[in-house]
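**Student:** Okay, here's the prediction I keep looking at, along with the sequence it came from:
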Amino acid sequence: MMSTPARTRLQLIGISKTFPGGVRANNRVSLSVDRGEVYALLGENGAGKTTLMNVLYGLHPADEGEILLDGKPANIHSAREAIHRKVGMVHQHFMLVPTLTVAENIILGMRPLKAFLTDMKTVERDIASVGRRFGLGINPSAIISSLSVGEQQRVEIVKALYRGAELLILDEPTAVLTPQEATELFATLRGLVAEGLSIIFITHKLNEVMAVADRVAVMRDGRLISTLMVKDTNQAELAMMMVGREVSFTLDKPPVEPGELVLEAKALTVGDRRGRALLGGVSLLVRQGEILGIAGVDGNGQRQLAEAVTGLRKPDSGRILFDGHDVTGHSPRQLALAGLGHIPEDRNTMGLVPDFSIAYNTILQAFRESPFTRRGLLQPRAIASYARRLVQTFDVRTPSVEVKAAHLSGGNQQKIILGREIDRQPKLLVAVQPTRGLDVGATEYIHTQLLAQRQRGAAILLISTDLEEIMALSDRIAVLYEGRIVGEVPGGRANVQKIGQMMAGHDVRFNSEGQADEGNS
């Protein structure tokens, strides 16, 4: 084998991985990453990006293929071996213990904790030194639970650097960040590569690729489609590679005059078992023909708000009025019959029954009704006929309605849910993270359908952590922070930076023109 140039840090050669059931996540993928570069791994949900990196990090064994680090074969069968080989990984969901300090989290698992405890001051000093070197200011003695999401992410990066990582894998690193925190992260990454580190950046967001990467590899259906220099490409070209067709980045959003009040929430509160407020006195209004977007970093009460409005959780106090009627505490079925549609946050656990066929998933709301049931018996022909119509209307890519929902891509699963809810022509549609993890093509389709419902006159409550999505679709934007609405602004006049500050908890108020009052920021 020819020697690898010293500039090359990593080579993956012909990596394949198939999971039980025959799902081939990686199909002979080969790539190389140089020292001192940000290498973006781009693709839709299910394209094989994370699986490939889990193989590199030792979390999944490859069925075939070879890993080379600095030109030498590397047999990595565990995360411990990966760390020993100077490979670090920051997962989308952080691997931190909330009750421990920053320093304790960073050294956890390196060797018996008691070996450090006699000299924790030295450990903290060394950790602080690593942070300063790479421009990642952290307080080693701070308790993790007291830190913001952005600060916790810096801890994860410092943890990898403290353990000697020279190749750093970041999996969807901006999913839980405010716009300001994402900008700070990108600056950090440029500083790290200036020190000679290599970074693999897993994402499905085209703007992030253009903002921070040097090269980009596009994956689709487990294969590597192409590798390009970022300076030689654009978002339109990358989108076409991801989904195999042209994608429009502009939404047709005709003006709609809001009509009658459909949803009114009054001082909703929801607490956990310990009495801690997860939702603290939230009030909001949604009218016919408008989209109210709820912006915020994940974990600030969005789930509790959606569950209260859709009947999945009874609020501790407050009232919910739907179409002028008090529906506080009503069941999801009662609300569905009254005209509420719900696109849930997690399509696999709340939106679908993965082991059911597409056909039976289309009638989860209506299986008791004619023509799907007669004399207490399900009618397979009527169900299949209805499902075929939905599949055709909502462009679900499947060979048959008898295919299990689990076998569909994320985008097609979401289309099943969307079609099922929209076909009932709801008065109110609650859409929670409707495009999370979807490629740009599926995202474009979902957005078009939501705007069509707005045009029809439906009231839409859109809850999303994707600020671009909120700004593109919403007529009004309310920001949720620590369970409270901390501000509201007209959608057409929204300021990304100010909304980002509100998402981080800064007290920003807007005047009647929708502009930020600098005196309160």
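**Tutor:** Noted; the coordinates are in hand. Numbers count the residues shown, from 1 in each chain.
**Student:** Restrict stretch 365-385 to CA atoms and write it as CSV.
**Tutor:** What follows is stretch 365-385, C-alpha atoms only, in CSV (Å, rounded to 0.1, in the frame of the first residue of the first chain):
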residue,chain,number,x,y,z
GLN,A,365,-57.5,8.8,14.3
ALA,A,366,-60.5,7.4,12.5
PHE,A,367,-60.4,3.6,12.8
ARG,A,368,-63.7,3.6,14.7
GLU,A,369,-65.5,5.4,11.9
SER,A,370,-67.3,4.3,8.7
PRO,A,371,-66.2,3.2,6.1
PHE,A,372,-63.1,1.9,8.0
THR,A,373,-65.2,-0.1,10.5
ARG,A,374,-68.5,-1.9,10.1
ARG,A,375,-70.3,-3.7,12.9
GLY,A,376,-67.1,-3.6,15.0
LEU,A,377,-64.9,-5.1,12.2
LEU,A,378,-62.1,-3.3,10.3
GLN,A,379,-62.6,-3.1,6.5
PRO,A,380,-59.2,-3.7,4.9
ARG,A,381,-60.3,-2.7,1.3
ALA,A,382,-61.7,0.6,2.5
ILE,A,383,-58.6,1.3,4.5
ALA,A,384,-56.3,0.4,1.7
SER,A,385,-58.2,2.6,-0.8
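**Student:** Identify all contacting residues around that stretch.
**Tutor:** 336, 359-360, 362-363, 386, 401-402, 420-421, 424 (C-beta atoms under 8 Å, 6 or more residues apart in numbering). From N, CA and C alone the C-beta is placed, and that goes for glycine too.
**Student:** can you check stretch 232-246 too?
**Tutor:** Contacts to stretch 232-246, defined as C-beta under 8 Å, 6+ apart, come from residues 42-44, 47, 204, 206-207, 209-210, 216, 218, 220, 225-226, 228, 247, 249, 439-442.
**Student:** Can you list the buried residues in stretch 316-328?
**Tutor:** Within stretch 316-328, the residues scored as buried using 16 or more other C-beta atoms under 10 Å are 318, 320-323, 327-328.
**Student:** Stretch 252-266 too?
**Tutor:** Judged by neighbour count (16+ other C-beta under 10 Å), stretch 252-266 contains these buried residues: 253, 256, 258, 262-266.
**Student:** right, and out of those, which lies closest to P434?
**Tutor:** K253 (15.8 Å; C-beta to C-beta).
**Student:** Would you confirm that the closest one contacts A452?
**Tutor:** No - the criterion here is C-beta atoms under 8 Å, and K253 misses it with A452 at 10.7 Å.
**Student:** Measure how buried the nearest residue to E44 once chain neighbours are set aside is and give me the count.
**Tutor:** Of all residues not flanking E44 in the chain, D439 sits nearest, at 3.0 Å (C-beta to C-beta, 6 or more residues apart in numbering). Other residues within reach of D439, judged by other C-beta atoms under 10 Å, total 25.
**Student:** Surely D439 and G43 touch.
**Tutor:** Yes - D439 lies in contact with G43 (C-beta under 8 Å); the separation is 7.4 Å.
**Student:** follow-up on the earlier one: out of the contacts of stretch 365-385, grab the one that's most surrounded.
**Tutor:** Ranked by neighbours (other C-beta under 10 Å), these are led by T362, which has 30 neighbours.
**Student:** Just the pLDDT at that one, thanks.
**Tutor:** For T362, the pLDDT comes out at 92.
**Student:** Find the nearest non-adjacent residue to it, please.
**Tutor:** Distances taken as C-beta to C-beta, 6+ apart place A387 nearest to T362, at 4.5 Å, with adjacent residues excluded.
**Student:** And F19, by the same measure?
**Tutor:** A25 (6.1 Å).
**Student:** do the same with G293
**Tutor:** S474 is the one closest to G293 (C-beta to C-beta, 6+ apart), at 3.1 Å.
**Student:** And I169, by the same measure?
**Tutor:** Spatial nearest neighbour of I169, chain neighbours left out: M89 (4.2 Å); criterion: C-beta to C-beta, 6+ apart.
**Student:** number of nearby residues for that neighbour?
**Tutor:** Look at M89: counted by other C-beta under 10 Å, it has 24 neighbours.
**Student:** next one: the helix or strand hosting it to chain centre, how far?
**Tutor:** M89 belongs to strand 87-90 when elements are defined using DSSP states H and E. Chain-centre distance of strand 87-90: 20 Å, with C-alpha atoms, centre = their mean, to the nearest Å.
**Student:** Outline the domain layout of this protein.
**Tutor:** What automatic domain parsing lists as the domains of the chain is 8-243, 248-339+426-521, 355-425.
**Student:** Tell me the confidence at M110?
**Tutor:** For M110, the predicted pLDDT is 77.
**Student:** For the residue nearest to I169, give me its contacts.
**Tutor:** M89 neighbours (C-beta under 8 Å, 6+ apart): 53, 57, 79, 82, 160, 168-171.
**Student:** again with I499
**Tutor:** Applying C-beta under 8 Å, 6+ apart to I499 gives the contacts 179, 295, 467, 471, 477, 479, 489.
**Student:** make it 6 Å
**Tutor:** Applying C-beta atoms under 6 Å, 6 or more residues apart in numbering, we find I499 in contact with A295.
**Student:** Can you tell me the closest non-neighbouring residue to G324?
**Tutor:** That would be L261: by C-beta to C-beta, 6+ apart, it lies 7.6 Å from G324.
**Student:** still on that earlier bit, and what about the residue nearest to T362, helix, strand or coil?
**Tutor:** helix (DSSP: H, G, I helix; E, B strand; the rest coil).
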